[in-house]
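In: next come a sequence and a model predicted from it.
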Amino acid sequence: MMKEITLKIPEKNFAFFMELVKKLGFVEIEDNAIEVPEHHKKIIKERLKKLKKEDLLEWNSLSKPSTEKYNWINPSRPATDKEIEQMLDECEKSPLLSSKEARKLTMKELKEWRAKR
């Protein structure tokens, strides 16, 4: 019977540690690292070049639960079940709009949202 362990080794000591472990002979080493193909790396580099600083979000703003009212035009988080139910209720109660009216209203709300950014 064999036991399995996971170790966290400081980067500066890793090479020495691996050399030592390999000399033990009975230790099985699994490399769980996943190699990223070059063509994937190229795609990522191209996407990073196209990024605009103003489109990036701060991690802290994403990791905190939001208390703000859900924004259907620009959701910053998934809607809760309650918010989806509320949206469906509002849709059923609202008067029907033509596609032209709906577009005009959407563009107005989008313009207001952009002005707030």
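Out: Received the coordinates, thanks.
In: from now on I want contacts and neighbour counts done on CA atoms only, so please keep to that.
Out: Will do.
In: how close does the residue nearest to V21 when sequence neighbours are not counted sit to V36?
Out: Spatially, and ignoring its direct neighbours in sequence, V21 is nearest to V27 (6.8 Å; Cα to Cα, 6 or more residues apart in numbering). V27 is 27 Å from V36, where distance means Cα to Cα, to the nearest Å.
In: likewise E92?
Out: 48 Å.
In: low-confidence stretches in the chain?
Out: Applying pLDDT under 70 to the chain picks out residues 32-33, 61-68, 70-74.
In: which helices and strands sit right next to the longest helix seen in the chain?
Out: What stands out as the longest helix in the chain, according to DSSP state H, is helix 99-116. Judged by 3 or more Cα pairs under 8 Å, 6 or more residues apart in numbering; DSSP states H and E, helix 99-116 is in contact with no other helix or strand.
In: ok, L7 to L57 distance?
Out: Counting by Cα to Cα, the gap from L7 to L57 is 34 Å.
In: re the thing from before, tell me the secondary structure at the residue nearest to V21.
Out: For V27, the assignment made with DSSP: H, G, I helix; E, B strand; the rest coil gives coil.
In: so how many other residues sit close to it?
Out: Per other Cα atoms under 10 Å, the neighbour tally for V27 reads 11.
In: where's L96, which helix or strand?
Out: Taking DSSP states H and E as the definition, L96 sits outside all helices and strands.
In: if I look at it, how far off is D89?
Out: Taking Cα to Cα, one finds L96 at 13 Å from D89.
In: and E109, by the same measure?
Out: Applying Cα to Cα to E109 and D89 gives a distance of 20 Å.
In: and for K52?
Out: 38 Å.
In: more neighbours: which of these two?
Out: D89 (11 against 8).
In: in three-state terms, label that one for me.
Out: On the three-state scheme (three-state DSSP), D89 is labelled helix.
In: residue boundaries of the helices in the protein?
Out: 11-24, 38-50, 59-63, 81-93, 99-116.
In: adding distance to M2, write these out as JSON lines.
Out: Converted to JSON lines, those look like this (distance: least, Cα to Cα, whole Å):
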{"stretch": "helix 11-24", "distance to M2": "15"}
{"stretch": "helix 38-50", "distance to M2": "37"}
{"stretch": "helix 59-63", "distance to M2": "40"}
{"stretch": "helix 81-93", "distance to M2": "47"}
{"stretch": "helix 99-116", "distance to M2": "60"}
